[in-house]
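[1] My questions concern the predicted model and sequence given below.
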Amino acid sequence: MFRELVYDAVCKYLSKEQTEALDKELQKVAFVKSDTKFVNILFKHFNIDRFKDAPIDEEDIMLYNYFKYDYNGKTISFRGRLLSKYIKAINKK
């Protein structure tokens with residue numbers, strides 16, 4: 001669920017070519033078991049500042065804040081207040 005939500009949010013900002021490049025890299029490591037590895041691959045193709053600077057959905061700022069302030073690059077905390085708020089907001093749509 002986490003990966004799908006973040007992937008969908010990121011793809012809204014990417015062009016078709018950028019999305020294809022991201023998909024290609026994700027396919028190379030088809031069975032990425034680590035959420036942090038998945039996020040690091042996303043960060044190679046996407047600058048999270050775009051969530052803040054030009055949000056497409058108002059909830060995207062929550063993702064920016066989560067990755068900027070709660071995510072430490074090693075573990076993903078699903079108990080994080082910001083991530084929980086984002087998931088609830090997206091699920092309401």
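    Yes, it's here. Numbering: from 1, shown residues only.
[2] What is the neighbour count of the closest residue to R81 other than its chain neighbours?
    Nearest in space to R81, with sequence neighbours left out and distances taken as CB to CB, 6 or more residues apart in numbering, is D70 at 7.7 Å. Placement of C-beta: from N, CA and C, glycine included. The number of residues packed near D70 is 14, by other CB atoms under 10 Å.
[3] Quick check, pLDDT for D70.
    On pLDDT, D70 comes in at 78.
[4] I61 too?
    89.
[5] which helices and strands does the helix or strand where it lies pack with?
    Taking DSSP states H and E as the criterion, I61 maps to helix 60-65. With contacts taken as 3 or more CB pairs under 8 Å, 6 or more residues apart in numbering; DSSP states H and E, helix 60-65 sits against helix 2-11, helix 49-53, helix 81-92.
[6] Does Q18 touch K44 like I think?
    No: judged on CB atoms under 8 Å, Q18 makes no contact with K44 at a distance of 10.9 Å.
[7] neighbour-wise, which of the two wins?
    Each of Q18 and K44 has its neighbours counted (other CB under 10 Å); Q18 has more, 14 against 9.
[8] what helix or strand is that one on?
    Short version: Q18 belongs to helix 16-28, going by DSSP H and E.
[9] what about that helix, distance to the chain center?
    Here helix 16-28 is found 14 Å from its chain centre; the criterion is CA atoms, centre = their mean, to the nearest Å.
[10] Beyond that helix, next helix or strand please.
    Remark: after helix 16-28, the chain's next helix or strand is helix 35-45, criterion DSSP H and E.
[11] So which bits of that following helix are buried?
    Buried positions in helix 35-45, judged by neighbour count with 16 or more other CB atoms under 10 Å: 38-39, 41-42, 45.
[12] still on that earlier bit, lowest-confidence stretch among the helices and strands packed on helix 60-65?
    With a mean of 77, helix 81-92 has the lowest mean pLDDT of the helices and strands packed on helix 60-65.
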